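Asker: Output the structure for:
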Amino acid sequence: MSTLKLIFLDSEKVNHRLYFHIYDSNLANRWVKITKLNQEHSKQLNARFTNTTYKDIDLVREKLNKCLGRINKVYDQPLPIYQGLSELDTKELNYLHEEFERYGDRMEELIAGNTNWTRDMHEDFLQLNELIHLHEDVLKSKTSTWPNMALLYDYYPQEFHYPIHESDKIWVTPQLRWGEVYLGYNTLGKDWLKVHVDNDVEVVERDQVRPQQRFAAETWINFGPDSNPYWSLLQFEKWVNKMPDELKRKVPMNNLNKLTLGRFKIGHLVVDEEFVAKYGGTIEDYQVDSAQIKLDWNMNFFSKFEKLISVEFV
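Answerer: Sure thing, here's the model as predicted:
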């Protein structure tokens, strides 16, 4: 059994130590191994926080446009800049998703041609992908009482990957819960869970749904509301059944391993006496699904986190 220790720095220069219980599963143990492998090779730790709300939409849009501007200085097929918009809609964000996927499919060709490709541009495309997702989450927070918040971290340059085994899929879950640790998706495109949540039928039409087949040290920690597994499954089933027959046939409902509906769970946040002494409430308070105290922690503490300082196993 491993315990993951993360140290953060917030906007007031205060350190926060969070501990996560990592399951003693074959999958989680391989994730620990690949994380340590990156650390042994002195890879650079990179963290992206989804801890903003709709009030930050101008900042998110500005970051996205600046990222597009940097890409266009190098890329041979410039992308649009959205200066005249206060926010991008689903159609525009989906278009950028498609362009990101197309870049990924072209990357080997661009590198081999030794033109119109640089490491910095590649990093900007990775950031673009994260900013697209961030913009989507910020848009959803406009009408949501509980904004989706999360942490995604990885090591760069990313070169170590392990395959997903069929036996690993017992750890796939469509139920995303506050404080739980999951493998990063680490795949170009969208899986069935994300396609359903976004109602992105166009991706299904283009046969571009890509369930996860490998993983890296990339780690996703969810601080969104606790989802109900039965509601998630029921909504997915209804979504599929409403499709026209030609699209419905594209969904591998007769092969659930191929469907891979959800994320691979590897651990959860430790809420103990030390945690509640610093952040308030009781241990029992945090055991309630989508409890107000979890939302308060998001808004009062996690929203101020700015930097992930270190990743350790203790």
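Asker: hey, where'd the strands end up in the stretch 1-150 of the chain?
Answerer: 2-10, 15-22, 44-50, 150-156 (DSSP state E, counting those that start in this stretch).
Asker: Out of those strands, which is the most enclosed?
Answerer: Burial of the strands of the stretch 1-150 of the chain is given as mean neighbour count (mean count of other C-beta atoms under 10 Å); strand 150-156 ranks first at a mean of 20. Where you see a C-beta, it was placed from the backbone N, CA and C, and this is true even at glycine.
Asker: could the strands of the stretch 1-150 of the chain go into JSON lines alongside mean pLDDT and distance to Trp297?
Answerer: Output for those, formatted as JSON lines (pLDDT from 0 to 100; distance: least, C-beta to C-beta, whole Å):
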{"stretch": "strand 2-10", "mean pLDDT": "97", "distance to Trp297": "13"}
{"stretch": "strand 15-22", "mean pLDDT": "98", "distance to Trp297": "11"}
{"stretch": "strand 44-50", "mean pLDDT": "93", "distance to Trp297": "14"}
{"stretch": "strand 150-156", "mean pLDDT": "95", "distance to Trp297": "13"}
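Asker: give the contact list for the nearest residue to Leu131 once chain neighbours are set aside.
Answerer: Nearest residue to Leu131, sequence neighbours excluded (C-beta to C-beta, 6 or more residues apart in numbering): Leu64, at 4.5 Å. By C-beta atoms under 8 Å, 6 or more residues apart in numbering, Leu64 lies in contact with 82, 88, 128, 131-132, 135.
Asker: Mind checking which of those residues land in helices?
Answerer: 128, 131-132, 135 (DSSP state H).
Asker: Nearest to Asp245, out of these: which one, please.
Answerer: Nearest to Asp245 out of the ones in helices among the contacts of Leu64 is Ile132 (C-beta to C-beta; 30.9 Å).
Asker: quick revisit: now tabulate the strands of the stretch 1-150 of the chain in TSV and tack on distance to Leu259.
Answerer: Shown next, in TSV, are those (distance: least, C-beta to C-beta, whole Å):
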stretch	distance to Leu259
strand 2-10	29
strand 15-22	26
strand 44-50	26
strand 150-156	23
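Asker: Give the ChimeraX command for selecting the buried subset of the contacts of Leu64.
Answerer: The buried residues among the contacts of Leu64 can be selected in ChimeraX (16 or more other C-beta atoms under 10 Å) with this line:
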select :88,128,131,132,135
